[in-house]
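Visitor: Okay, sequence plus prediction incoming.
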Amino acid sequence: MEQDPRVEQLAIAYWHRIRTGQAAWSRLKPEIRAQMLDQADTWLRAAEQADLLAPIAAPSEDHAALWLDETGGVWNDVPTSDSGDDLVLPLVHAREEATSRAELEDRGHHFTLIGWAR
């Protein structure tokens, strides 16, 4: 089974929260990273089972992902005929303002999947 990418995000965030030195995540001993990833995986599974966290996969093809950025902005995937498109739209604005999520991430934005919409 493929690991949910949010597991590593959660483990890294937790590490940054508790660390006392300036050691980078990538420089941690593999066994320490593995322990933190196992713990984050357990937390994510529990949150999904309690319906506090959206599943990583869409419940159906009729669902579009909702994303939360690092500033608290909520974005919605924009359905397109080309499945290669990755357009996102702030929920409070018009479709014409859709932007490529990948381009925003390249500019430093960080998105977290928070749910699915129809």
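Guide: Done, it's in.
Visitor: Surely D4 and A57 touch.
Guide: No: taking CB atoms under 8 Å as the definition, D4 is not a contact partner of A57, at 9.4 Å. No exception for glycine: its C-beta is placed from N, CA and C like everyone else's.
Visitor: Who has more neighbours out of the two?
Guide: D4 (19 against 10; other CB atoms under 10 Å).
Visitor: The more buried one and A58: what is the separation?
Guide: 14 Å (CB to CB, to the nearest Å).
Visitor: same thing with A117?
Guide: 10 Å.
Visitor: Which neighbours do those two have in common?
Guide: Common neighbours of A117 and A58, using CB atoms under 8 Å, 6 or more residues apart in numbering, are A64, A65.
Visitor: Give the residue from those two that has the larger number of neighbours.
Guide: Neighbours were counted for A117 and for A58 using other CB under 10 Å; A58 has more, 15 against 12.
Visitor: quick one: contacts for that one?
Guide: A64, A65, W116.
Visitor: Quick check: can you name the pairing partners of the helix or strand harbouring the second one and their directions?
Guide: Put plainly, it is A65. Element membership for A65, per DSSP states H and E: strand 64-69. Sheet neighbours of strand 64-69, with direction, are listed as strand 74-77 (antiparallel), strand 111-117 (antiparallel) (DSSP bridges).
Visitor: okay, E103: pLDDT?
Guide: Here, the pLDDT recorded for E103 equals 90.
Visitor: quick one on the thing from earlier: for the strand holding A65, give me every contacting residue.
Guide: 54, 58, 74-79, 88, 91, 101, 104, 109-118.
Visitor: Repeat the analysis, applying 7 Å as the threshold.
Guide: 58, 74-77, 79, 88, 109-117 (CB atoms under 7 Å, 6 or more residues apart in numbering).
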